[in-house]
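Participant: Here is a sequence with its predicted model. Questions after.
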Amino acid sequence: MPIINRIAEFHQDMKEWRQHIHANPELQFDCHQTAAFVVERLKEFGITDIHEGIAQSGVVAIIEGQGDGPTIGLRADMDALPMQELRDHPYKSKVDGKMHACGHDGHTTMLLGAARYLAETRNFSGRVALIFQPAEEGGGGGKVMCDEGMMDRFSIDQVFGIHNAPGAPTGVFLANSGPIMAAADSFDIHISGQGGHGAEPENTIDPVVAAVQIASAIQTISSRNTSALDNLVISITQIHAGTVHNIIPQTATLNGTVRTLKKEVQAMVVRRMQEICDGIGAAFGADVVLDYDYGYPPTVNHKAQTDFAVGVATGIAGAENVAAESPPIMAAEDFSYMLEERPGAYLMLGQGEGATVHHPEYDFNDEISPIGASFFVKLVETAQPQG
């Protein structure tokens, strides 16, 4: 696999960077130590145009090429997850209840590797904006960086990102010139009835019965209101009600998530959930309130930029190791906000067999770091050739 020779030379350095970040995880916007580590490395590479404190702990660093030209953005996320790491290795998380279970330590490392090479060679025109983002895991750090004017402030013309893919063969790129990841919404359904003795249900309005009916009916939205060709996932993940065996409770609550790729499907789900809540509430005489929270939008790649990125990936991995029309996955990603502001593409990079992301035994595969770094570099040098 033709990774860049110079990047292969400092592969051991990249392993050490990644494992340091892995051992010192931080959550959400509180990525200050990770950001400081990133800034220290960037300064070692000779990069001086560094902007800190974006979205609290985000970093944007600019590398000037040779000659005038546009600015290409490359993004990596830095935050970890609130999970206890189970796997035992020398660089295991030092922080109880926090671990890098999604590979953001690896994403940051790949971008640092690209930064080192680009700063050494500057074999491109225009500028590169290195985006190190906090709070991808639920905080919407990508949106905050955009809301703070990052794209205009640094004159970013197009933007690219990459994510590791456990289960996909090592070094295989996965792409899709359209939706590649889903919108992620959440909902809470609050049911108020009339509690009473479990031996006298006729004198109550049982919120548990209503909750069960609502849960069952909501599952029919994907099977009876949606085309089999439209991607939709509705998962009820929590039901809370009651305290003891012989009391019918006053209230019950349902919680869950909705994943969609199309806005019209998303709108239909909200409408049907409201109709179900209203109808079952009326049928049982209970008050039912739907609280629907719109989360990350779908991550939608732009065709021209995706085709370009596929070409770059093919040059690195070979055509047999690039899936240009990989099906979308129903997880979500806040790189979606950057793609709403600028054209670009988000690709997956296979890291072989092993625990999936968000699993307590997950670990990033250091062997793919030079591949991802080479991909970032070749994006820049191909998009903005010198002269």
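Facilitator: Arrived safely, thanks for sending. Residues are numbered from 1 along each chain as shown.
Participant: Which residue is the nearest non-sequential neighbour of residue 372?
Facilitator: residue 110 (3.5 Å; C-beta to C-beta, 6 or more residues apart in numbering). Just so you know, the C-beta spots here come from the backbone N, C-alpha and C atoms, and that holds for glycine as well.
Participant: quick one: what helix or strand has that neighbour in it?
Facilitator: Using DSSP states H and E, residue 110 maps to helix 104-121.
Participant: Counting by contacts, list what that helix packs against.
Facilitator: Under the contact criterion of 3 or more C-beta pairs under 8 Å, 6 or more residues apart in numbering; DSSP states H and E, helix 104-121 touches helix 5-9, helix 11-23, helix 32-44, strand 58-64, strand 71-77, strand 127-133, strand 156-165, helix 369-383.
Participant: next one: it to chain centre, how far?
Facilitator: Chain-centre distance of helix 104-121: 19 Å, with C-alpha atoms, centre = their mean, to the nearest Å.
Participant: what do you get for stretch 355-371?
Facilitator: That offset, for stretch 355-371, works out to 15 Å (C-alpha atoms, centre = their mean).
Participant: Do me a favour and get the end-to-end distance for it?
Facilitator: For stretch 355-371, the first-to-last residue distance is 20 Å (C-alpha to C-alpha, to the nearest Å).
Participant: With stretch 84-93 instead?
Facilitator: When the termini of stretch 84-93 are compared using C-alpha to C-alpha, they are 8 Å apart.
Participant: Could you do stretch 177-191 as well?
Facilitator: 42 Å.
Participant: and residue 310, backbone torsions?
Facilitator: Dihedral pair for residue 310: phi -60, psi -40, per degrees, to the nearest 10.
Participant: Please report how far residue 206 lies from residue 277.
Facilitator: Shown here: residue 206 relative to residue 277, a distance of 16 Å by C-beta to C-beta, to the nearest Å.
Participant: go on, residue 106?
Facilitator: As for residue 106, its distance to residue 277 is 42 Å (criterion: C-beta to C-beta).
Participant: Repeat that for residue 222.
Facilitator: Going from residue 222 to residue 277 by C-beta to C-beta gives 17 Å.
Participant: One more: residue 348?
Facilitator: 37 Å.
Participant: one step back: ok, the residue nearest to residue 372 - contacts?
Facilitator: 14, 76, 162, 368-369, 372-373, 375-376 (C-beta atoms under 8 Å, 6 or more residues apart in numbering).
Participant: for those residues, which one is nearest residue 179?
Facilitator: Using C-beta to C-beta, residue 162 is the member of these that sits closest to residue 179, with 17.1 Å.
Participant: wait, that closest one sits on residue 106?
Facilitator: No. With contact defined as C-beta atoms under 8 Å, residue 162 does not reach residue 106; the gap is 9.6 Å.
Participant: Please, where are all the helices along the chain?
Facilitator: 5-9, 11-23, 32-44, 104-121, 141-147, 150-153, 207-218, 220-224, 263-284, 303-317, 335-341, 369-383 (DSSP state H).
Participant: Dump those helices into JSON lines; add distance to residue 193 and mean pLDDT as well.
Facilitator: Listed next are the helices of the chain as JSON lines, based on distance: least, C-beta to C-beta, whole Å; pLDDT from 0 to 100:
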{"stretch": "helix 5-9", "distance to residue 193": "63", "mean pLDDT": "97"}
{"stretch": "helix 11-23", "distance to residue 193": "48", "mean pLDDT": "98"}
{"stretch": "helix 32-44", "distance to residue 193": "47", "mean pLDDT": "98"}
{"stretch": "helix 104-121", "distance to residue 193": "44", "mean pLDDT": "98"}
{"stretch": "helix 141-147", "distance to residue 193": "38", "mean pLDDT": "98"}
{"stretch": "helix 150-153", "distance to residue 193": "48", "mean pLDDT": "98"}
{"stretch": "helix 207-218", "distance to residue 193": "4", "mean pLDDT": "98"}
{"stretch": "helix 220-224", "distance to residue 193": "23", "mean pLDDT": "95"}
{"stretch": "helix 263-284", "distance to residue 193": "7", "mean pLDDT": "97"}
{"stretch": "helix 303-317", "distance to residue 193": "51", "mean pLDDT": "97"}
{"stretch": "helix 335-341", "distance to residue 193": "39", "mean pLDDT": "98"}
{"stretch": "helix 369-383", "distance to residue 193": "53", "mean pLDDT": "98"}
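Participant: Which residue lies nearest the spatial centre of the chain?
Facilitator: Nearest to the centroid of the C-alpha atoms of the chain, with distances taken as C-alpha atoms, centre = their mean, sits residue 333, at 2.8 Å.
Participant: Help me confirm that it comes into contact with residue 346.
Facilitator: Yes. Residue 333 is within contact range of residue 346, at 6.8 Å (criterion: C-beta under 8 Å).
Participant: Give me the common contacts of the two.
Facilitator: 163, 181, 299.
Participant: show me the contacts for residue 190.
Facilitator: Residue 190 touches 251, 253, 288-289, 291, counting by C-beta under 8 Å, 6+ apart.
Participant: gap between residue 123 and residue 146?
Facilitator: For residue 123, the distance to residue 146 - C-beta to C-beta - is 29 Å.
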